[in-house]
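A.B. asks: The following comprises the amino acid sequence and a computationally predicted model.
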Amino acid sequence: MKIGKLPEAVLKRSVLNQIHNRREEVLLGASVGEDCAAVALADDEILVMSTDPITGATKDIGELAVQITVNDLASAGAEPVGIMLTALLPECVSEQKLRLMMEQVEAACEKVNVQVMGGHTEVTKAVNQPLVSVVGVGKAKKGKLVSTAGARPGMDIIITKWIGIEGTSILAKEKEAELSERFDKGFLKTAMDFDKMLSVLPEAEIAVAFGVGAMHDVTEGGVFGALWEMAEASGVGLEIDLKKIPIRQETVEICEFFDVNPYELISSGSMLMAARDGNTIVRELEKAGIHAVVVGKATAGNDRILYIGEERRFLEPPKSDELYRVFG
């Protein structure tokens, strides 16, 4: 396609016509010429917003773009309402690929009852693969907002599902040819299907109901990055048992194949939580079929310590995600 805004016919045919899910709170939504969206809130509600780009994946980019953003909203205890979508496309992109991306976006929105409220689409020389950035809009009841900064000394630290599942799925899909030289199809299919576990909305809802103090979606930088960010935001130390951090064997083996650290691999689908009574939240999550583990505690002071058996080492500030090492 030619550089610049999408032609109106393409915009209508392959973008706007793919948007079907609607929310009653959205007063002004996606349309030709509309630059803004409008959302109505009740008197006892507050607006919650988040933004994220998708830069490390090319397959299923539309689904990932929606899921990552609504996960951020869920980590604040908010109900996702809508998204604003910006898609920057290379000249080589076809309209068919654009439409497929929008179909993925809409399918992901329908799963979590979110409306595409607007955004921007453009073909530009500034990118060599599709780049999608999403702003998420959600709502939360006043007094129920949860932040990353809510951890306090003595609180249990909880991790849901397994770390590295997003990165594992991305690597299995993007590097299937390389990985198939070592792993069989069944193993790779299991790893690819980790993307079906990327939503953290169910665990966030349960955690809020049972008194969670802080939540943080484990994304870029992996679980080590998320632990540091929660501790830094909350002004607490940490004592974490590395052996308790849940990880799938598929993640271990694929990370070994690429010589990357699974604890520093993008991990959407896993939620980091802090709570006064972590065991109660873990039990409630397990009742709902969501795996979760108490891996340590928040402490007074600034020491953020990882215990590996008798050995201990200090957690370091977040580094560049391991995914970028694989993709150069």
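C.D. replies: Arrived safely. Values in this document were obtained by computation on a predicted structure and should not be read as measured data.
A.B. asks: rest of the way, CA atoms for contacts and neighbours
C.D. replies: Fine.
A.B. asks: quick one: secondary structure of the nearest residue to residue 190 once chain neighbours are set aside?
C.D. replies: Once flanking residues are discounted, residue 190 sits nearest to residue 250: 8.0 Å by Cα to Cα, 6 or more residues apart in numbering. Three-state call for residue 250 (DSSP: H, G, I helix; E, B strand; the rest coil): helix.
A.B. asks: now do the one 10 residues further on
C.D. replies: At residue 260, secondary structure determined by three-state DSSP is coil.
A.B. asks: do residue 103 as well
C.D. replies: Assigned by three-state DSSP, the conformation of residue 103 is helix.
A.B. asks: Repeat that for the one 10 residues further on.
C.D. replies: Taking three-state DSSP as the rule, one finds residue 113 in the coil state.
A.B. asks: contacting residues around it?
C.D. replies: Residues counted as contacts of residue 113 (Cα atoms under 8 Å, 6 or more residues apart in numbering) are 21-23, 80-81.
A.B. asks: Now do residue 150 against residue 284, distance only.
C.D. replies: Distance, residue 150 to residue 284, using Cα to Cα, to the nearest Å: 21 Å.
A.B. asks: in stretch 192-202, what counts as buried?
C.D. replies: Using 16 or more other Cα atoms under 10 Å as the test for burial, stretch 192-202 gives 192-195, 198-201.
A.B. asks: if we take those, which one ends up nearest to residue 53?
C.D. replies: Nearest to residue 53 among the buried residues of stretch 192-202 is residue 198, at 15.9 Å by Cα to Cα.
A.B. asks: Could you find the closest non-adjacent residue to the closest one?
C.D. replies: Per Cα to Cα, 6+ apart, closest to residue 198 is residue 269, 3.7 Å.
A.B. asks: can you count the residues close to that neighbour?
C.D. replies: 28 (other Cα atoms under 10 Å).
A.B. asks: For it, grab phi and psi.
C.D. replies: For residue 269, the backbone dihedrals (degrees, to the nearest 10) come out as phi 110, psi -20.
A.B. asks: quick one: it and residue 216, what's the gap?
C.D. replies: 11 Å.
A.B. asks: likewise residue 228?
C.D. replies: 11 Å.
A.B. asks: Between these two, tell me which one has more neighbours.
C.D. replies: Ranked by neighbour count (other Cα under 10 Å), residue 228 and residue 216 place residue 216 first, with 26 against 20.
A.B. asks: and the more buried one, helix, strand or coil?
C.D. replies: Counting by three-state DSSP, the backbone at residue 216 sits in strand.
A.B. asks: pretty sure it is touching residue 226, no?
C.D. replies: Yes. With contact defined as Cα atoms under 8 Å, residue 216 reaches residue 226; the gap is 6.9 Å.
A.B. asks: Sketch out the helices for the stretch 201-328 of the chain, chain order is fine.
C.D. replies: Using DSSP state H, counting those that start in this stretch, the helices of the stretch 201-328 of the chain run over residues 201-209, 222-234, 249-258, 278-287, 322-327.
A.B. asks: what's the closest of the ones you listed to residue 169?
C.D. replies: Closest to residue 169 of these is helix 249-258 (Cα to Cα; 8.8 Å).
A.B. asks: What are the phi and psi values at the residue nearest the centre of the chain?
C.D. replies: Centroid-nearest residue in the chain, with Cα atoms, centre = their mean: residue 68, separated by 3.1 Å. In terms of degrees, to the nearest 10, the main-chain angles of residue 68 are phi -60, psi -40.
A.B. asks: show me what contacts residue 63?
C.D. replies: Contact analysis of residue 63 by Cα under 8 Å, 6+ apart lists 101, 104-105, 107-108.
A.B. asks: Tell me the one of the residues you listed nearest residue 117?
C.D. replies: The nearest one, if we look at the contacts of residue 63 relative to residue 117 and count by Cα to Cα, is residue 105, at 12.1 Å.
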